[in-house]
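Visitor: sequence plus the predicted model coming up.
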Amino acid sequence: MTLFLHALPQDTPDRFLLLDRLDSCDETGAAARRVFIAAPPWQGMEAMAQLAALHARWTADFSLHAFLLAVEECTWPDHVPAADMRHGMSNSTSSRTPGATPGGALHGTLHIGACLLAESDRAATYATTVTPLTTFSGADSAPAPPCMAATLTIGRAPYDTRFNGDTLTARYRETFAWLTRTA
């Protein structure tokens, strides 16, 4: 029997919550952030899925199990030549993907967004993105384009004997409270 931990990629973070903070959450979607340091692109995909599933749980008052059901229209970070890099940021003439480093790795403080497109009792579909946070402010500063995007469908089902509702409801409420902390 293969243990779950043995099935994970070698570069799996110690704590498998790939969201550092929840910036907003309402009936239309959620936004979070994560500091990545040369993270493989699959971690960006996982962060988008975690945010969408967290929102799907929140809309059901954490009373339903939520899981990734489908990934559609996924864009992945471009491969970035090392010569294009300068302190993890692109130079003004670079056409590389912002927020990505050589090999397409994610780097820096990135915004994760999940916009609810449609939902039913059993599923919710989200437009999700990973976008570099702008490091400056001003009226003339335009937001950076996403370095990753995907349409994700999150399945929702009642808890059952395989997924203990009392335990998981408490866990996801605690995770939500921790992500929305102000300190």
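Guide: Sure, I can see it.

Visitor: strands of the chain, residue ranges please.
Guide: Counting by DSSP state E, one finds strands in the chain at the ranges 21-26, 29-39, 64-75, 85-86, 89-90, 106-119, 123-132, 148-158.

Visitor: among these, which is nearest residue 49?
Guide: Taking Cβ to Cβ, strand 64-75 is the member of those nearest to residue 49, at 4.7 Å. Quick note: C-beta positions are derived from backbone N, CA and C, even for glycine.

Visitor: what angle do the closest one and strand 123-132 make?
Guide: Angle of strand 64-75 versus strand 123-132, following axes from the mean of the first three to the mean of the last three Cα atoms, to 10 degrees, is 50 degrees.

Visitor: can you pull the buried residues of strand 64-75?
Guide: By neighbour count with 16 or more other Cβ atoms under 10 Å, strand 64-75 contains the buried residues 64-66, 68.

Visitor: got it, and stretch 119-134?
Guide: 119, 123-132.

Visitor: try stretch 110-121
Guide: Applying 16+ other Cβ under 10 Å to stretch 110-121 flags 110-114, 116, 119 as buried.

Visitor: what residue ranges in this protein score low on pLDDT?
Guide: 1-15, 78-103, 135-143, 183 (pLDDT under 70).

Visitor: re earlier: what's the closest of the strands of the chain to residue 174?
Guide: Across the strands of the chain, closest to residue 174 is strand 21-26 (Cβ to Cβ), at 12.9 Å.

Visitor: residues making contact with stretch 54-65?
Guide: 19, 22, 25, 27, 29-30, 66, 114, 116, 119, 124, 126, 154, 156-159, 163, 165, 168-169, 172-173, 175-176, 179 (Cβ atoms under 8 Å, 6 or more residues apart in numbering).

Visitor: give me the PyMOL select line for the residues you listed, limited to the buried ones.
Guide: Buried residues within the contacts of stretch 54-65, by 16+ other Cβ under 10 Å, are selected in PyMOL with:
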select buried, resi 19+22+25+29+30+66+114+116+119+124+126+154+156+168+169+172+175+176+179
